[in-house]
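Participant: Fold the following.
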Amino acid sequence: AAAIISYLPIGIIATKKGRKKTILIGIVELFTAFILGTFATANTAFFVYIVMALAGIGWATINVNSYPMIVEMAKGNNVGKYTGYYYSASMFAQILTPIVSGVIMDLTGTMTVLFPYCAIFVALAFCTMFFVRHGDSKPIPKKSALEAFDNEEDNDNVLSYNKFIEKGKQLFESGKKEYI
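Facilitator: Residues are numbered from 1 along each chain as shown. From the prediction side, this is the model:
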């Protein structure tokens, strides 16, 4: 529930502060939750709820911003390819980690190793995310009150439409039977 409530505020924060910084903050938050989780016992149920809420918000912070970074890095015709890479890596981890963590639990005879196990991999995620150089959101420059009503996108669309019509006229006049 904490993750769902946090999605919109996280998106707003990422727009202002940048996706990479927001993801790094989420990773630190998730790491903190897992470290705190190592202190959980059967007598600390309320503590576990707080830790899981913190972990949910940290995870949401990562999730809300990861895929938009992938789309931002891809060119228009490569979005599908990068989406495939993203989901393949994600699914591979989701297949592998239950096996690895299950073996570790079998070897140690306890489930308490799950929180440190998660903290280790979150720390590794921080290291890899720290070196990411592309895919961050582009800051939106502040406009004056009057400029806020100007829509540059409409102007770009009109210019693109005019270029399209002009190209069509040129092809028609030249007699070429090409597709536009």
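Participant: Flag the shaky bits of this structure, pLDDT-wise.
Facilitator: 137-162, 164, 176-180 (pLDDT under 70).
Participant: what ranges do the helices span in it?
Facilitator: Using DSSP state H, the helices of the chain run over 2-17, 19-37, 45-73, 79-108, 114-130, 152-174.
Participant: With Asp136 as the reference, name the closest of those.
Facilitator: Shortest distance between Asp136 and these, using CB to CB, is found for helix 19-37: 4.9 Å. C-beta here means a position set from N, CA and C on the backbone, and glycine is covered the same way.
Participant: How far off centre is the closest one?
Facilitator: Helix 19-37 sits 13 Å away from the centroid of its parent chain (CA atoms, centre = their mean, to the nearest Å).
Participant: most packed of the helices of the chain?
Facilitator: Among the helices of the chain, helix 19-37 has the highest mean neighbour count (mean count of other CB atoms under 10 Å), at a mean of 20.
Participant: so what does that one touch, helix or strand wise?
Facilitator: Counting contacts by 3 or more CB pairs under 8 Å, 6 or more residues apart in numbering; DSSP states H and E, helix 19-37 packs against helix 2-17, helix 45-73, helix 114-130.
Participant: Same list as before, the ones you listed that is, but in a markdown table and with distance to Leu107 included.
Facilitator: As requested, the helices and strands packed on helix 19-37 are exported to a markdown table (distance: least, CB to CB, whole Å):
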| stretch | distance to Leu107 |
| --- | --- |
| helix 2-17 | 31 |
| helix 45-73 | 24 |
| helix 114-130 | 12 |
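Participant: would you turn the helices of the chain into a markdown table with distance to Asp136?
Facilitator: Shown next, in a markdown table, are these (distance: least, CB to CB, whole Å):
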| stretch | distance to Asp136 |
| --- | --- |
| helix 2-17 | 9 |
| helix 19-37 | 5 |
| helix 45-73 | 7 |
| helix 79-108 | 15 |
| helix 114-130 | 11 |
| helix 152-174 | 21 |
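Participant: center of this protein, which residue is that?
Facilitator: Ser66 (1.4 Å; CA atoms, centre = their mean).
Participant: That residue and Tyr86 touch, don't they?
Facilitator: Yes. With contacts counted by CB atoms under 8 Å, Ser66 reaches Tyr86, the gap being 7.3 Å.
Participant: tally of neighbours for Lys75?
Facilitator: Using other CB atoms under 10 Å, the number of residues around Lys75 comes to 8.
Participant: For Asp106, give its distance to Val100.
Facilitator: Distance, Asp106 to Val100, using CB to CB, to the nearest Å: 11 Å.
Participant: Over to Ala123?
Facilitator: 16 Å.
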